[in-house]
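1. here is my input, please return the structure:
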Amino acid sequence: MADDCCSGKGEAIAELGRVAEQRRVLVIVMIINTMMFAAEFGGGLLARSSSLMADSVDMFGDAVVYALSLYALDRGARWHAGAALAKGAIILVFGAAVTIEIVDKMRNGIAPSSTLMLGFGGVALAANLICLALLWRFRRGEVNMSSSFECSRNDVVSNVGVLIAAGFVAATESVWPDILVGAAIAVIFLRSGWRVLTGAAAAWKAA
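-> Residues are numbered from 1 along each chain as shown. The predicted model follows:
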């Protein structure tokens, strides 16, 4: 009986430790994404880059996502699934917003500043690699944390795309690399949003 009691306490303490660690990581990545949203959005305006602005808006969405994750962290499985559902919806909304921006850029756009794209895109990539490293251990955990990892991984892919676009804009002095990368980011958003939603819906039913 005493052994069972000690074992139960040990498991409870270990679980509390895991939740505390998750909370610390989520707070850090939320702060990083909020700061980078402001910096990268300003850079996107200066550079007149659709892909930079799309990437920055994604960072703002991720800050909201991490806040939802924090809210659901010490609650039950249904709260976790609900937070993941909200994340999936946010990702889909930003995918649609990027698509609208791309259509407008195709009609009225001019070539962005490749130098500013490289500078701000490089800083954003470094920030998101830090977030990805912090979330790596939770990538196969419960749906709340694994969906947070999914958001961070998408950010890294988007950042690399922005840097590739900047290189092609510099080489061609054309708006099209920026448009094409923005379109790729939109596809990633929509695909990822659907995947998070379907996984969260299954978790919601199970809960």
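2. tell me which element the residue nearest in space to the middle of the chain is part of?
-> By Cα atoms, centre = their mean, the mean C-alpha position of the chain lies nearest to residue 151, the distance being 3.2 Å. Take DSSP states H and E as the rule and residue 151 turns out to sit in helix 143-172.
3. contacting residues around stretch 161-175?
-> Outside stretch 161-175, the residues that touch it by Cβ atoms under 8 Å, 6 or more residues apart in numbering are 49, 51-52, 55, 105, 109-112, 114-115, 117-118, 121-122, 124-125, 177-178, 180-182, 184-185. From N, CA and C alone the C-beta is placed, and that goes for glycine too.
4. report the buried members of these.
-> Buried members of the contacts of stretch 161-175, counted by 16 or more other Cβ atoms under 10 Å: 49, 51-52, 55, 105, 109, 111-112, 114, 117-118, 121, 124-125, 177-178, 180-182, 184-185.
5. quick one: the helices in this structure?
-> Here the chain has its helices, by DSSP state H, at 2-47, 50-73, 77-108, 114-135, 143-172, 176-206.
6. any chance of those helices in JSON lines, plus mean pLDDT?
-> Compiled in JSON lines, the helices of the chain are given as follows (pLDDT from 0 to 100):
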{"stretch": "helix 2-47", "mean pLDDT": "69"}
{"stretch": "helix 50-73", "mean pLDDT": "75"}
{"stretch": "helix 77-108", "mean pLDDT": "74"}
{"stretch": "helix 114-135", "mean pLDDT": "90"}
{"stretch": "helix 143-172", "mean pLDDT": "80"}
{"stretch": "helix 176-206", "mean pLDDT": "77"}
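7. highest average neighbour count across those?
-> The highest mean neighbour count among these, using mean count of other Cβ atoms under 10 Å, belongs to helix 50-73: a mean of 24.
8. so that helix versus helix 114-135, what angle?
-> Using axes from the mean of the first three to the mean of the last three Cα atoms, to 10 degrees, one finds that helix 50-73 and helix 114-135 are set 20 degrees apart in direction.
9. burial of the closest residue to residue 111 other than its chain neighbours, as a residue count?
-> The spatial neighbour of residue 111 that comes closest, neighbours along the chain excluded (Cβ to Cβ, 6 or more residues apart in numbering), is residue 175 at 4.8 Å. Using other Cβ atoms under 10 Å, the number of residues around residue 175 comes to 19.
10. distance of residue 175 from residue 56?
-> Residue 175 sits 18 Å away from residue 56, going by Cβ to Cβ, to the nearest Å.
11. with residue 181 instead?
-> From residue 181 to residue 56 the distance is 14 Å (Cβ to Cβ).
12. for residue 44, same thing?
-> As for residue 44, its distance to residue 56 is 6 Å (criterion: Cβ to Cβ).
13. ok, now residue 150?
-> Taking Cβ to Cβ, one finds residue 150 at 19 Å from residue 56.
14. same question, residue 45
-> 9 Å.
15. same check on residue 137?
-> On the measure of Cβ to Cβ, residue 137 and residue 56 end up 27 Å apart.
16. same question for residue 96.
-> Separation of residue 96 from residue 56 (Cβ to Cβ) stands at 17 Å.
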